[in-house]
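Q: the sequence and its predicted three-dimensional model are supplied below.
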Amino acid sequence: MITVKFSATAKAVTGEDEITVEAPTVRRLVRLLDERWPGLGDQLTEGMAVAINGEIIPDALYEDIPDGAEVHFIPAIGGG
Amino acid sequence: MTMTEDPTTPGYKWVGTRPIRPDGLDKVTGKARFGADLILPNMVEAAVLRSRHAHARILSIDTAAALEMPGVQAIITGDDFPPTDDMAPGDAHQAVKVMARDKVLFEGHPVAAVAATSRAEAQAAAKAIVVTYEQLPHVLTVDEAMADGAPILHDDLITANVDPAPETASNIASRAFFERGDLDEGFAAADAILERSYTTKPVHQGYIEPHAAVADSGQNGRANLWVSSQGHFDMRTMTAKVLGMSASKIKATPAEIGGGFGGKTTIYLEPLAVLLSRKANRPVRVVMDRDEVFMATGPTSGSSMKIKMGIKNDGTITACDLWMAFEAGAFPGSPVGAASMTALACYDVDNFRIEGFDVVVNKPKVAAYRAPGAPISAFAVESMIDELARAIDMDPIELRLANAAKEGVQAPYGPVFPRIGFIETLEAIRDSDHYRSPVPEGQGRGLASGFWFNIGGNSVATVNVHADGNVSVITGSPDIGGSRSSMALFAAEEFGIDVERVQPHIADTDTIGDTDVTGGSRVTLATGKVVVEACRKIVTDLCRRAAKTWDCEIEDVEWVQGHAQHVSGTESPLSLADLAANAGRTGGPISATHAENVRGAGAGFSTQLVDLAVDEETGQTSIVRYTTAQDAGKAIHPSYVEGQMQGGVVQGIGWALNEEYIHRADGTLDNPSFLDYRIPVASDLPMIDTIVVEVPNPNHPYGVRGVGEVGIVPPMAAIANAIDRATDCRMEHLPMSPVALLEAINERNAD
Amino acid sequence: MNTPHTKSVVSCTINGNATQFLADSGGTLLNALRDDIGLTGVKEGCGTGDCGACSILVEDRVTCACLIFAPEAEGATIVTIEGLAEADHLHPLQETFLEGAALQCGVCTPGFLMAAKALLDKNPDPTETEIRYALAGNLCRCTGYDKIIRAVQDAAERMRENA
């Protein structure tokens, strides 16, 4: 099981701060979330990065998620 | 007296030393070729006709007379570009930014471009193009743009991230929102609560080299493009997108880049040059004048911010409510999201709400500028924290230490911080000579801190060992501040050879794999990592070759100080040069490439201390002493780390005291020159003392975090805090120019 | 503006070489140096004399090449960045700029070197303040000036030692 923590923006859709789900990859997680809250998948992938156990990973769609991990979807960061 | 502390890491021979940069000789002798220095056979010059209106509908463009002008080879307008209907919104905005279609959205917006045999002829012909406009009302500030009934820039712009979605278009492109805990509870627990409003003006990156591009388009649908940019791969890809080309049809070659600071991560002239070259059937060079740079390229956002914070008498920050609206310029994309994420990132705050709005106005589209967004929100938060420190009579460093983010603390944007070095920067300042010395009579001392993420990203390195045993390191990362040196140092360290035997090279888009821009403080971290990995592949290969030479097992070979050694000591060590000379017999050329989307960026923090004096007669602020402490993770070439720290500070000093876009009521820019947009000069400044803090990034082979950006985050608040202590005037609007400060002093005197 | 400028032949000495070029009467010396003579080490940052990137020496005085019409160079002795080093060794300023990492992007560097040379030729032992004011007409956006000032101090010391 993994814990997904929602940002305030995502919480407006989910109504929950966090959920615990079974998802071995980011892609599976996004699909699962999108089935539960249609449209959330796009919101969580377009211009977004994923933090898995604190490590920010851009382009994370195919990333494995270790069991017990804490996952955040956060806006992708560029820079100057 | 500078406090340059040279950190040394036991075990490193080259990393952490200060060799002369490989491109240095060309840059002190005038040989280095920057964007505008390329002259091709048969090349013609271009000029861009730009809108003088801030907002207007283009009714017609008549190029007939201009086409008859002497020397004219080609003219392009929006009609020469592919339609934007099928493009993603961001690409469509980019396409319309580089050349207006039905409307102009800011003064300086290109409406046509001319190629002619000389620059003067191109300029004369551009003036002869007749454009008829229907002027439209404009908006210049977030307040104007967000007002009910405001003129709308984009009829199809619906605010994103608002639930439910608005049904009508507005100038608010999107909303960023972060919250945690319970604000009411947080404020109820506070012993002191303050509320303030702050504004900042758009400021320009101010690179000394104006934008320039040279293009040579062929009949085969391909084009060669020479660019001065922070990332020629991105220039190529963006140019191809707005021209409807396949990216690989453009070969982009990097010129030396004369400063960028984020502003050269996007396209302006490149598609114009490619199209003009195609139409003129000749190479085309297009170079901006300085006023074009100011009018039409990248400032960062002006902003309006409101903040309320609560604190307990023991120094615990209990709540923060921050509202921000950022000017995006004519198209969506201000850094308000990053500003929201960074605003409180230095602190562990249980209860907060941060709301940010991205607002379009009739000004040039903002571009990235060094830690985009973070300096703006830090001005509000770090000014407020200083006031809170005074309100509860607590030392500003102790207050920050009491709330400091550290490993295990949840960042305001979500994830938990790994090992970070914020506290170490606070301690470095606290323990510095500067902080321990009394504030000189008549001066004020201010302190502020800042955070920036730093990023990784896509990088590729190819490392070749030549027959003489010397090494080439090829990457795709333009060198904007000495990164060639860092790449050479990594390779020298990995191979155990003299750094002068390593020649770094920055290759074109056909020669090395796709590489992200030099931005986000990523190059030493990410491109450095792929250089290290490519070198390690070669060292493994060299050991294999030595085993072959000695007819032994590879396990019996180790690489020590530039030599393959047999563990038994029975064989004479083989140097890199020995192995290179024999490469044909051991498997052929010695070469390796490593490509990776590098992760594991380590966050950067900076704490800065300033002493200053204010002339109460004129309102003029003089920076007397400045010390900056920044966590580099590991300084690969300490001189260039210090240089990034010093440069960021001085850009921040300019932002704090002088720099601003001044617009007339008609929407035109009143100060598009270095005379009137005054960046700091040598006589404005003292030496900038640096303390390089090294809390290694555990996710990088050398502990690198990245150093380019965070240095610009604290200065505005540090200076405002010092001015407050010097004059008892709390400045809430940037810039704190002599005029503004004099006004505040006069108000204080009147009270 | 729309009529072609008249051209004139200009004779001058550039970096020790007698040079002739065809000057556009309305063109700047900066454009002539860069585009006609090929001395692209002279940089254009603003075209209005505000940034100093095009600093050259005209009769030993530091001057913005963008503020001089090309025909005004008639008879003048001009030194550009390309003429600062000798064939077998760099000028001490070039050495100390390299050693002290006094450049990041390097586009302002030619102008700074020429302005600093003009200063040290007149004043071999300047104070920090004198250096800062002598270089106040040259903009650098990368370094914050710290390492530039130190490099000039170091070069001055080296030149005094070798004088």
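A: Here it is on my side, so go on.
Q: around chain B, pick out the residues from chain A.
A: A:5, A:7-9, A:12-13, A:51, A:53-59, A:70, A:72-75, A:77-80 (C-beta under 8 Å from any C-beta of the partner chain). Any C-beta I mention is one placed from the backbone N, CA and C, and that applies to glycine too.
Q: how about a cut-off of 6 Å?
A: Proximity of chain A to chain B is confined to A:8-9, A:12, A:51, A:54, A:57, A:59, A:72, A:74-75, A:77-80 under the rule C-beta under 6 Å from any C-beta of the partner chain.
Q: in chain C, what residue comes closest to chain B?
A: When scored by C-beta to the nearest C-beta, chain C has C:Gly41 as its residue closest to chain B, at 1.9 Å.
Q: surely that residue is in contact with C:Glu82?
A: Yes: applying C-beta atoms under 6 Å, one finds C:Gly41 in contact with C:Glu82, separated by 5.0 Å.
Q: find residues that contact each of these two.
A: Each of B:Gly30 lies in contact with both C:Gly41 and C:Glu82 under the rule C-beta atoms under 6 Å, 6 or more residues apart in numbering or on different chains.
Q: select the longest helix from the chain.
A: Picking chain A for this. Determined from DSSP state H, the single longest helix within chain A is helix A:26-36.
Q: that's the wrong chain, I wanted chain C
A: For chain C, assigning by DSSP H, the longest helix comes out as helix C:146-162.
Q: quick check: mean pLDDT of that one?
A: Average pLDDT, helix C:146-162: 97.
Q: wait, doesn't B:Leu243 sit right on B:Ala273?
A: No: the criterion here is C-beta under 6 Å, and B:Leu243 misses it with B:Ala273 at 10.7 Å.
Q: the residue of chain B found nearest chain C: neighbouring residues, count only.
A: Here chain B gets closest to chain C at one residue, B:Gly30, 1.9 Å apart by C-beta to the nearest C-beta. By other C-beta atoms under 10 Å in any protein chain shown, the residues close to B:Gly30 number 24.
Q: repeat for the one 10 residues further on
A: Applying other C-beta under 10 Å, we find 15 other residues in the vicinity of B:Leu40.
Q: quick one: it and B:Arg285 touch, right?
A: No: B:Leu40 is not in contact with B:Arg285 according to C-beta under 6 Å; the separation is 7.7 Å.
Q: list the residues that contact B:Ile451.
A: For the record, residue B:451 is Phe, not Ile. So B:Phe451 contacts B:Thr342, B:Ala345, B:Cys346, B:Phe605 (C-beta under 6 Å, 6+ apart).
Q: can you tell me the element it falls in?
A: strand B:443-452 (DSSP states H and E).
Q: one more: B:Pro412?
A: With DSSP H and E as the criterion, B:Pro412 is inside neither a helix nor a strand.
Q: that one contacts B:Leu344, correct?
A: Yes: between B:Pro412 and B:Leu344 there is a contact under C-beta under 6 Å: 4.5 Å.
Q: could you identify the buried members of the residues of chain A next to chain B?
A: Among the residues of chain A next to chain B, those buried by neighbour count (16 or more other C-beta atoms under 10 Å in any protein chain shown) are A:Ala8, A:Thr9, A:Ala51, A:Gly54, A:Ile57, A:His72, A:Ile74, A:Pro75, A:Ile77, A:Gly78, A:Gly79, A:Gly80.
Q: from those residues, which is closest to B:Ala128?
A: Closest approach between these and B:Ala128, by C-beta to C-beta: A:Gly80, at 38.4 Å.
Q: all helices of the stretch 551-700 of chain B, in order?
A: B:576-581, B:638-657 (DSSP state H, counting those that start in this stretch).
Q: list the contacts of the last one.
A: Under the contact criterion C-beta under 6 Å, 6+ apart, helix B:638-657 has outside partners B:6, B:18, B:203, B:481-482, B:621, B:628, B:630, B:632, B:635, B:679-680, B:688, B:690, B:692, B:707-708, B:711-712, B:715-716, B:719, B:735-736, C:101, C:104, C:142-144, C:146.
Q: okay, and which of the residues you listed map to strands?
A: Among those, the residues falling in strands (DSSP state E) are B:Val203, B:Thr621, B:Thr628, B:Gln630, B:Ile688, B:Thr690, B:Val692.
Q: how about B:Ala744: what's its closest non-neighbour residue?
A: Nearest residue to B:Ala744 in three dimensions, chain neighbours excluded: B:Cys729, at 4.1 Å (C-beta to C-beta, 6 or more residues apart in numbering or on different chains).
Q: oh sorry, the question was meant for B:Phe331
A: Nearest non-adjacent residue to B:Phe331, counting by C-beta to C-beta, 6+ apart: B:His93, 4.0 Å away.
Q: TSV please, covering the residues of chain A next to chain B and showing pLDDT, secondary structure and distance to B:Arg545.
A: Below are the residues of chain A next to chain B laid out as TSV (pLDDT from 0 to 100; DSSP: H, G, I helix; E, B strand; the rest coil; distance: C-beta to C-beta, whole Å):
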residue	pLDDT	secondary structure	distance to B:Arg545
A:Ala8	85	helix	57
A:Thr9	83	helix	55
A:Ala12	84	helix	60
A:Ala51	92	strand	42
A:Gly54	86	coil	41
A:Ile57	89	strand	36
A:Asp59	88	coil	36
A:His72	93	strand	46
A:Ile74	90	strand	46
A:Pro75	88	strand	47
A:Ile77	88	coil	42
A:Gly78	86	coil	42
A:Gly79	85	coil	40
A:Gly80	88	coil	43
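Q: let me know the closest of these to chain C.
A: Chain C lies nearest to A:Gly80 out of the residues of chain A next to chain B, by C-beta to the nearest C-beta, at 12.7 Å.
Q: which of the residues of chain A next to chain B sit farthest apart?
A: Across those, the longest distance by C-beta to C-beta is 30.1 Å; it joins A:Ala12 and A:Gly80.
Q: any idea how far the longest helix of chain C is from the chain center?
A: 17 Å (C-alpha atoms, centre = their mean, to the nearest Å).
Q: do stretch B:360-379 as well
A: 11 Å.
Q: equivalent analysis for stretch B:132-149, please.
A: Remark: stretch B:132-149 is offset 29 Å from the chain centroid, using C-alpha atoms, centre = their mean.
Q: and the average pLDDT for that stretch is what?
A: Stretch B:132-149 carries an average pLDDT of 98.
Q: for that stretch, which positions count as buried?
A: Within stretch B:132-149, the residues scored as buried using 16+ other C-beta under 10 Å are B:Tyr133, B:Leu136, B:His138, B:Val139, B:Leu140, B:Thr141, B:Val142, B:Glu144, B:Ala145, B:Met146.
Q: what sits against the residue nearest to the second one when sequence neighbours are not counted?
A: Same thing as B:Leu136. With sequence-adjacent residues excluded and distances taken as C-beta to C-beta, 6+ apart, B:Leu136 is closest to B:His55, at 4.4 Å. By C-beta under 6 Å, 6+ apart, the contact set of B:His55 is B:Leu136, B:His138, B:Asn362.
Q: show me the residue at the heart of chain A, geometrically.
A: What sits nearest the mean C-alpha location of chain A, by C-alpha atoms, centre = their mean, is A:Phe73, with 4.1 Å.
Q: that one and A:Leu44 touch, don't they?
A: Yes: using C-beta under 6 Å, A:Phe73 makes contact with A:Leu44 at a distance of 4.6 Å.
Q: let me know how buried C:Glu161 is, in neighbour terms.
A: Other residues close to C:Glu161 by other C-beta under 10 Å number 8.
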